[in-house]
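Peer 1: My questions concern the predicted model and sequence given below.
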Amino acid sequence: MLTTKKININLREQIILFKQLGFFLKSGASLDECLRLANASLPPKNRMRRFLEAITADMATGLPLAYSLEQHTNSLPSGIVAVISAGEESGNLRTALERAGNELVKKDASRKKLIGALTYPCCIALLSIALTGGMTFGIFPKIRPLLTSMHTALPLPTRVVIFVSDTVVHHWLIVSSSSIGFIGISIFCSKLTLTREVIANRGGQMLLWLPLVGNTLKSHVLSVFTGTTATLILAGLSLPISLRRARPGNITYARSLEKVRGDIEGGGKFSAALARNPRLFPQTMIQLISAAEASASLAETLSFLSEYFQNEYEDAVKKWMSLLEPALMIGMGISVGFISLAMILPIYAISQSVSAIH
């Protein structure tokens, strides 16, 4: 191997890579030639060039493409690696690469929709922070001398704003150091395998049973799982092997599917095994799979279910975003209104005192 350090390959680069390899294989070139052709158009110090050189070196030693991909990057979804591995085993590598590219295209389209849905709420949040910060540290300090010169008890909102302003201005080093330290510790913990496993196990279980959030997460997990399983079956793998390699990203689903696979290997039906856990697998999904088993169209049905659950997931995200937008607007109004009250109430009290004197 040319390198032992794993290279981060973004989603767009993954799509281009698999599309290119599938196209070159379709034209009759060998896999080694395809890798060299894909590498030829890249700049000398490009990370994709280093990645492809490492893959080419592994292929020269006889290593499978799927194994080499897994060794040199953590960026690829596990399901994509499983699809390529299945394609190598069945002799349909070109088809597997095309399917991998298509799956990544769907993932990219879903990510763009999610980013588009988050753009407006993020803008509102940034505007709220900018307005709050500007009023707290720009406008309020100019009228503060007038307020404190009265030597009277200030309203609660005013005292809160003064406290926050003084804390940030006079102890900015402590505040910034604490913030940076917290972010650093969070990043460090996220890199630890044990911490990631605990969060994935405990967090994955807890999120599934939360109201509203749980249904959205279930739709996402089921979409990825059914799509990957369908692709593996179409690549020529049996259902038990496909279930083992699909590896859903949620620990609760992974454990349940292990039991499902055991039931199938023991002679049971896929739909009957899923029906044992109706909290994780909807009745509609079980009925469709039962019909697919009777008509020998399991892969097509799983592909349909993947699109169905993906649409449900996207609809749920849109609903969440539609609820988030007014919530952020209300939050911005509350924060700006609170600071406005902190400035207006003392001024109103001063005007009342002046009127009483006259």
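Peer 2: Yep, that arrived. Residues are numbered from 1 along each chain as shown.
Peer 1: drop to CA atoms for contacts and neighbour counts, all remaining ones
Peer 2: Fine.
Peer 1: can you give me the helices in the stretch 1-150 of the chain?
Peer 2: In chain order, the stretch 1-150 of the chain shows helices spanning 11-26, 31-40, 47-60, 65-72, 78-90, 93-134, 140-148, with DSSP state H, counting those that start in this stretch as the criterion.
Peer 1: And those helices: which comes nearest Ile286?
Peer 2: Between Ile286 and those, the shortest separation by Cα to Cα is 22.1 Å, and it involves helix 78-90.
Peer 1: Sort out which residues of that closest one are buried, please.
Peer 2: Neighbour-count burial for helix 78-90 flags Ser78, Gly79, Ile80, Val81, Ala82, Val83, Ile84, Ser85, Ala86, Gly87, Glu88 (criterion: 16 or more other Cα atoms under 10 Å).
Peer 1: about what we covered before: nearest to Ser238, of the helices of the stretch 1-150 of the chain?
Peer 2: The minimum distance between Ser238 and the helices of the stretch 1-150 of the chain falls on helix 78-90, with 10.2 Å, by Cα to Cα.
Peer 1: Out of the helices of the stretch 1-150 of the chain, which is the most enclosed?
Peer 2: Burial of the helices of the stretch 1-150 of the chain is given as mean neighbour count (mean count of other Cα atoms under 10 Å); helix 78-90 ranks first at a mean of 22.
Peer 1: Output it in PDB, but only the C-alpha positions, please.
Peer 2: Taking C-alpha atoms only, helix 78-90 is exported to PDB below (Å, rounded to 0.1, in the frame of the first residue of the first chain):
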ATOM      1  CA  SER A  78     -20.900   0.700   4.600                       C
ATOM      2  CA  GLY A  79     -23.800  -0.300   2.200                       C
ATOM      3  CA  ILE A  80     -21.900   1.000  -0.800                       C
ATOM      4  CA  VAL A  81     -18.800  -1.100   0.100                       C
ATOM      5  CA  ALA A  82     -21.100  -4.200   0.500                       C
ATOM      6  CA  VAL A  83     -22.700  -3.600  -2.900                       C
ATOM      7  CA  ILE A  84     -19.200  -3.400  -4.600                       C
ATOM      8  CA  SER A  85     -18.100  -6.600  -2.700                       C
ATOM      9  CA  ALA A  86     -21.200  -8.400  -3.900                       C
ATOM     10  CA  GLY A  87     -20.500  -7.300  -7.400                       C
ATOM     11  CA  GLU A  88     -17.000  -8.700  -7.300                       C
ATOM     12  CA  GLU A  89     -18.200 -12.000  -5.900                       C
ATOM     13  CA  SER A  90     -21.000 -12.300  -8.500                       C
END
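Peer 1: what is the orientation angle of it with helix 93-134?
Peer 2: With axes from the mean of the first three to the mean of the last three Cα atoms, to 10 degrees as the basis, helix 78-90 and helix 93-134 are set at 170 degrees to each other.
Peer 1: which residues are contacting helix 78-90?
Peer 2: Contact partners of helix 78-90, identified using Cα atoms under 8 Å, 6 or more residues apart in numbering, comprise 64-67, 69-70, 93-97, 100, 228, 231-232, 235-237, 245-247.
Peer 1: Let me see the contact set for Thr301.
Peer 2: Leu288, Ile289, Ala292.
Peer 1: among these, who's most crowded?
Peer 2: Ranked by the number of neighbours (other Cα atoms under 10 Å), the contacts of Thr301 place Ile289 first, at 24 neighbours.
Peer 1: Could you say which helix or strand holds Arg159?
Peer 2: Element membership for Arg159, per DSSP states H and E: helix 156-170.
Peer 1: list the buried ones in that helix?
Peer 2: By neighbour count, with 16+ other Cα under 10 Å as the criterion, the buried positions of helix 156-170 are Pro157, Thr158, Val161, Ile162, Ser165.
Peer 1: Of these, which is the nearest to Leu25?
Peer 2: Relative to Leu25, the closest of the buried residues of helix 156-170 is Ser165; by Cα to Cα it sits at 64.0 Å.
Peer 1: returning to what we had before: and the helix or strand following the helix holding Arg159 with helix 156-170, angle?
Peer 2: Scanning forward in sequence from helix 156-170 by DSSP H and E, the next helix or strand is helix 172-191. Counting by the same axes, to 10 degrees, helix 172-191 points 80 degrees away from the direction of helix 156-170.
Peer 1: quick one on the thing from earlier: show me the contact partners of the helix holding Arg159.
Peer 2: Under the criterion Cα under 8 Å, 6+ apart, residues Thr136, Phe137, Val175, Phe338, Ile339, Leu341, Ala342, Met343, Pro346 lie in contact with helix 156-170.
Peer 1: For the helices of the stretch 1-150 of the chain, give me a markdown table that also has mean pLDDT and distance to Val224.
Peer 2: Below are the helices of the stretch 1-150 of the chain laid out as a markdown table (pLDDT from 0 to 100; distance: least, Cα to Cα, whole Å):
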| stretch | mean pLDDT | distance to Val224 |
| --- | --- | --- |
| helix 11-26 | 85 | 16 |
| helix 31-40 | 84 | 28 |
| helix 47-60 | 86 | 26 |
| helix 65-72 | 85 | 19 |
| helix 78-90 | 80 | 8 |
| helix 93-134 | 81 | 9 |
| helix 140-148 | 75 | 51 |
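Peer 1: Gly333: what's it in contact with?
Peer 2: Contacts for Gly333 were tallied using Cα under 8 Å, 6+ apart; there are none.
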